[in-house]
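Novice: After the sequence you'll find the predicted model.
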Amino acid sequence: MRPRSQRTIRRPVVVSGTGYWTGCRNHVELLPATAGAGVVFVRGDRPVPVRIAGLVENRVDAVNRTTIAFGGAQVQMVEHCLSALAGLGVDCCVVRVSAEEMPGLDGSALAFVEAIEEAGCEDLAAPIDPLIVERPIRLADGPAWVVAEPPRFAGLSVDYELDYGPGPIGRQTLALRITPENYRAELAAARTFISVADAEKLRAAGLGLTVTRQDLLVFGPDGPIDNPLRWPDECVRHKVLDLVGDLALTGRPIHAHVRAARSGHRLNAALAAAVLAADGDRAAARRRASA
């Protein structure tokens, strides 16, 4: 199959909202970028703007979110924006922000998807260089695990199992081929979720004070509070949305079948790093063979 061209958006678009953790308002501009630029976040609020590539090498540990940092600046909760761009096949984009945390919006990637669709996409004069998984790569952290296997088609597919045990979330599974059409219809609107007990702990710690039960799914004993589900299995759909965003930290489209159980941001990012490392090892072996 002939590789597709790299893609960017046709014109600038804006998404604005408030960050869950900091409560700060953020004016996010999605801007066209040149071939090879990848996805770059720009802290435009700094005296000298700081550019932070959306790459796993710039990821720093953070609880319940994906954060990148470089040059003394950081951008928190980038996973939903990265997921929307990757899900719609946008390889190159400048994301200019006015605060350190991306807006939480409704807890999903829908606003970013709608902005990208409003802008439209265009091909750039350069082919993509996908990461093609040739041998299984498995990582685990206690009961959580994730494995990347050779692709079943030219692209990414995911098989995810979420299991919260007894309770309103329970066990949910989703198998999905990640195409722009499927991403838009099956993942984009799936929202972040949290238990009411964990939400109260965060508020007691002074976090999430501006967040309401309409801004994300807060689960009580009987299900989400004051916020109806968009799908009966919305929670596992959001986990797949996050996985797509975290794998985008490779900076290249991944061609693989990914299976996961209970995997979160840290394990997802570790898989992204492992896929990159395996590709680097193969490239080095090819160079040695041809020397």
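Specialist: Happy to help now that I have it.

Novice: and Arg59, how far is that from Ala269?
Specialist: When distance is defined by CB to CB, to the nearest Å, Arg59 is 5 Å away from Ala269. (Glycine included, C-beta is placed from N, CA and C.)

Novice: Mind listing the shared neighbours of those two?
Specialist: Residues within reach of Arg59 and of Ala269 at once, by CB atoms under 8 Å, 6 or more residues apart in numbering, are 66, 249.

Novice: what bits of the stretch 101-250 of the chain have low per-residue confidence?
Specialist: 205-210 (pLDDT under 70).

Novice: go again using 50 as the cut-off
Specialist: Scanning the stretch 101-250 of the chain for pLDDT under 50 picks out no residues.

Novice: quick check, distance from the helix or strand Gly17 falls within to the centre of its chain.
Specialist: Here Gly17, judged by DSSP states H and E, is contained in strand 13-18. Offset of strand 13-18 from its chain centre (CA atoms, centre = their mean, to the nearest Å): 17 Å.

Novice: how long is stretch 104-118 from one end to the other?
Specialist: For stretch 104-118, the first-to-last residue distance is 20 Å (CA to CA, to the nearest Å).

Novice: Name the residues of it that are buried.
Specialist: Neighbour counts over stretch 104-118 (16 or more other CB atoms under 10 Å) mark 104-113, 115-117 as buried.

Novice: And stretch 150-164, by the same measure?
Specialist: Quick answer for stretch 150-164 (16+ other CB under 10 Å): 151, 155-162.

Novice: Which member of those residues is positioned nearest Ala261?
Specialist: Glu161 (4.4 Å; CB to CB).

Novice: Closest to Ile68 out of the buried residues of stretch 150-164?
Specialist: Nearest to Ile68 among the buried residues of stretch 150-164 is Leu156, at 21.0 Å by CB to CB.

Novice: got a list of what the closest residue to the closest one other than its chain neighbours touches?
Specialist: Closest residue in space to Leu156, ignoring its immediate chain neighbours: Ile178 at 4.4 Å, by CB to CB, 6 or more residues apart in numbering. With contact set as CB under 8 Å, 6+ apart, Ile178 has these partners: 87, 155-158, 187, 244.

Novice: partners of the strand holding Gly17, with directions?
Specialist: Applying DSSP bridges, strand 13-18 is found paired with strand 25-32 (antiparallel).

Novice: starting at the chain centroid, how far to the strand it pairs with?
Specialist: Distance, centroid of strand 25-32 to centroid of chain: 17 Å (CA atoms, centre = their mean).

Novice: and it, what's its mean pLDDT?
Specialist: Mean pLDDT, strand 25-32: 97.

Novice: mind listing what's buried in that strand?
Specialist: In strand 25-32, residues buried by neighbour count (16+ other CB under 10 Å) are 26, 28-32.

Novice: what's the closest of those residues to Arg96?
Specialist: For the buried residues of strand 25-32, the nearest to Arg96 is Glu29 (4.3 Å; CB to CB).

Novice: Look up how far Leu202 lies from the closest one.
Specialist: Using CB to CB, Glu29 is found at 29 Å from Leu202.

Novice: Check Gly89 too.
Specialist: Look at Gly89 and Leu202: by CB to CB, they are 34 Å apart.
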